[in-house]
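Undergrad: 3D, please:
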Amino acid sequence: MEIILAIAVVTAVIFFGALISIGNEHQSRAIDNLHEQLSLWAVQDLKLKRERLAHKPNVENPFEWFNQIATTVYGVDLNLQFVEQFDSPNCLVFSSKTSGKKFLFSTLSQREVFSLMNIKKGRLSQFAEQNPLVFLPRGTKTYQLSVLNCGILFDLELSLAWKGISGKPISNGSTLWSYQLP
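TA: Numbers count the residues shown, from 1 in each chain. Modelled structure (predicted):
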């Protein structure tokens, strides 16, 4: 009788644990969906406010623009200087005069970069491809830059600044990702 009772208690605990786990997963998905919807609403709200301003963006110095954006996000003037540009995947590399660290700016999200890193490549092709975005080291800090944290005209100015440095138009002009190498 005690064995049956013990089995019943263990089964009940496992069953309720599974129910709680399923409930937590549903709640997590709902919170992620709510966050995404809130971000989309905030972006739309800022676009409406921007339309009321009827301001045509102008980026006279793209290097200074990237430095101002990095200062806004990192909270300190990094005094960025342009190092190089890569095309596949799109990436601009800057170096900080004050800290000596490298900063990568790309339109690829962290998830897209990790999927690039997980693609199996031959040993020789690894050395042929020198894009630092494909080989990010552990401890790389990532920040998402958008109109929500970089200013109401960010997406319009981004396309101008990117084209000013690279000479090519940007594929996704609304969000930029910054990677701070350790």
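
Undergrad: drop to CA atoms for contacts and neighbour counts, all remaining ones
TA: Noted.

Undergrad: And the next helix or strand past the worst-scoring helix or strand of the chain on mean pLDDT?
TA: Here the helix or strand of the chain ranked lowest by mean pLDDT, DSSP states H and E is helix 123-128, holding a mean of 48. Once the chain leaves helix 123-128, the next helix or strand it forms, by DSSP states H and E, is strand 141-145.

Undergrad: got the buried residues for the helix or strand following that following strand?
TA: Downstream of strand 141-145, the next assigned helix or strand under DSSP H and E is helix 147-150. By neighbour count with 16 or more other C-alpha atoms under 10 Å, helix 147-150 contains the buried residues 147, 150.

Undergrad: All the strands of this protein, in order from the start?
TA: 80-86, 91-96, 102-106, 141-145, 176-180 (DSSP state E).

Undergrad: So which of those strands is nearest residue 13?
TA: Closest of those to residue 13 is strand 141-145, at 40.0 Å (criterion: C-alpha to C-alpha).

Undergrad: between the strands of the chain, which one is nearest to residue 34?
TA: strand 141-145 (18.1 Å).

Undergrad: Sheet partners, orientation included, of the closest one?
TA: strand 176-180 (antiparallel) (DSSP bridges).

Undergrad: neighbouring contacts of the partner strand?
TA: Strand 176-180 has contacts (C-alpha atoms under 8 Å, 6 or more residues apart in numbering) with 101-110, 140-146.

Undergrad: Buried subset of those, written for PyMOL?
TA: Paste this into PyMOL to select the buried members of the contacts of strand 176-180, with burial taken from 16+ other C-alpha under 10 Å:
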select buried, resi 102+103+104+105+106+107+108+109+110+142+143+144+145+146
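
Undergrad: Many thanks, have a good one.
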